[in-house]
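Undergrad: Generate a structure from the sequence data that follows.
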Amino acid sequence: MKSLLLLGLALGVAGSLAAQDTTKQAAPPAAAPAAAAPAGNVNVEAVLARNVADRAPQDTGTAFPDSVGTVVLWMRVTGGNGQTLHHVWFHGDDNVGDVSLTIGGSPWRTWSRKSIPADAKGAWHVEIRDEAGAVLKRIDFTVGQ
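TA: Numbers count the residues shown, from 1 in each chain. A predicted model of the protein is given here:
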């Protein structure tokens, strides 16, 4: 009886071993990461504001008092998934800031802030540039005038 039990157990193990697939299967190819959208397909809507609340610009304009303290460039980008856009800030002709922003989807809302010293009156502008440096949009504004 004991030998029949051992024989049955041995046949069961052998049967299960025979049923196993021992061939190595190649792993499926990894999915390629999503490519960045071509720069020509990027659409940018942008406004200057004093603040952003709930991802929306608040108190927008193109003329700010010298006491403004901070100006926000808010933008909504469609078609730019995976790209890095730049907000390049100018006081007169002097480049005073460059903020890199990676676009994580489409549409995508993002913004940058620029501190404005009280004595930095006059003409300002900010450019939204693509990765190659091409200007997608320019917004002119004044401080203290």
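Undergrad: mind listing the strands in this structure by residue range?
TA: Per DSSP state E, the chain carries strands over the ranges 43-53, 56-60, 63-64, 70-78, 84-91, 94-102, 108-115, 122-129, 135-143.
Undergrad: Identify the residue nearest the most centrally placed residue in the chain in space, chain neighbours excluded?
TA: The C-alpha lying nearest the average C-alpha coordinate of the chain belongs to residue 103 (Cα atoms, centre = their mean; 2.5 Å). Spatial nearest neighbour of residue 103, chain neighbours left out: residue 80 (4.2 Å); criterion: Cβ to Cβ, 6 or more residues apart in numbering. Every residue, glycine included, has its C-beta placed from N, CA and C.
Undergrad: how much space between the one you found and residue 55?
TA: To residue 55, residue 80 is 17 Å away according to Cβ to Cβ, to the nearest Å.
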